[in-house]
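*Asks:* For reference, the sequence and a predicted model appear below.
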Amino acid sequence: MEVYILRHAIAEDAAEGQSDAGRRLTPAGEKKLRRVLARAREGGVKPGVILSSPYVRAVQTAEIAKAELGAEAELLQTESLVPFANPFDLWDEIRRYAHARQVLLAGHNPLLSSLACFLIGAAGQAIDLKKSALARVDVFSPAPQPRGTLVWLLTPGSAGGAD
């Protein structure tokens, strides 16, 4: 199974009285995200399942990813992708979609960096996913303890183009 881990794009600062969960993407963030997704599309990324945190910026990121990648997958929101969720619980949810060749996750740090490390057996925060970064981790089996390989990591800077 190919697991695509997509950190949300740059979001606005919270306005007075606005919850963190309600923050939206900025135009600059959307631009960088689209650049990363254009490269991913060229590389054949077309997820069969898309899971997103329910936070507005993650949902927007997932919706843009779905459109840019030409995915027909339903976008499913899950509390397993909120910022401080547990990577073990998230893996249990991902395993439910083992039938899909490609699963895309849209969410937040520190969870996503921790998940990437968990999937490949690396320590702590050995992988730091920047905003709009997309990592591909190939997981060899949906077993309770994953065994995966980091195949690539794409950032807005490595995707080319000017900001």
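*Replies:* Good, I have the coordinates.
*Asks:* residue contacts, the residue of the chain most remote from its centre?
*Replies:* The C-alpha centroid of the chain is most remote from residue 16, which lies 27.9 Å away (Cα atoms, centre = their mean). Not one residue lies near residue 16 by Cβ atoms under 8 Å, 6 or more residues apart in numbering. Glycine gets a C-beta too; all of them are placed from N, C-alpha and C.
*Asks:* and it, what element?
*Replies:* Using DSSP states H and E, residue 16 sits within no helix or strand.
*Asks:* Pull up the gap between it and residue 55, please.
*Replies:* Per Cβ to Cβ, to the nearest Å, residue 16 is found 19 Å from residue 55.
*Asks:* again, but for residue 97
*Replies:* Remark: distance between residue 97 and residue 55 (Cβ to Cβ) = 20 Å.
*Asks:* More neighbours: which of the two?
*Replies:* residue 55 (23 against 19; other Cβ atoms under 10 Å).
*Asks:* which non-adjacent residue is nearest the more buried one?
*Replies:* residue 21 (4.5 Å; Cβ to Cβ, 6 or more residues apart in numbering).
*Asks:* tell me, how many neighbours does that neighbour end up with?
*Replies:* Per other Cβ under 10 Å, the neighbour tally for residue 21 reads 15.
*Asks:* wait, what's in contact with residue 144?
*Replies:* Contacts for residue 144 (Cβ under 8 Å, 6+ apart) come out as 91, 92, 95.
*Asks:* Quick one: the helices in this protein, in order.
*Replies:* 27-42, 56-69, 87-95, 111-120 (DSSP state H).
*Asks:* List only buried entries from the contacts of residue 144.
*Replies:* With burial judged by 16 or more other Cβ atoms under 10 Å, the buried subset of the contacts of residue 144 is 91, 95.
*Asks:* mind putting the contacts of residue 144 in a markdown table, distance to residue 4 and pLDDT included?
*Replies:* As requested, these are arranged in a markdown table below (distance: Cβ to Cβ, whole Å; pLDDT from 0 to 100):
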| residue | distance to residue 4 | pLDDT |
| --- | --- | --- |
| 91 | 15 | 97 |
| 92 | 18 | 96 |
| 95 | 16 | 96 |
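*Asks:* Mind pulling the model confidence for the nearest residue to residue 1 once chain neighbours are set aside?
*Replies:* What sits nearest to residue 1 in space, not counting adjacent residues and going by Cβ to Cβ, 6+ apart, is residue 139, at 5.0 Å. pLDDT recorded at residue 139 is 97.
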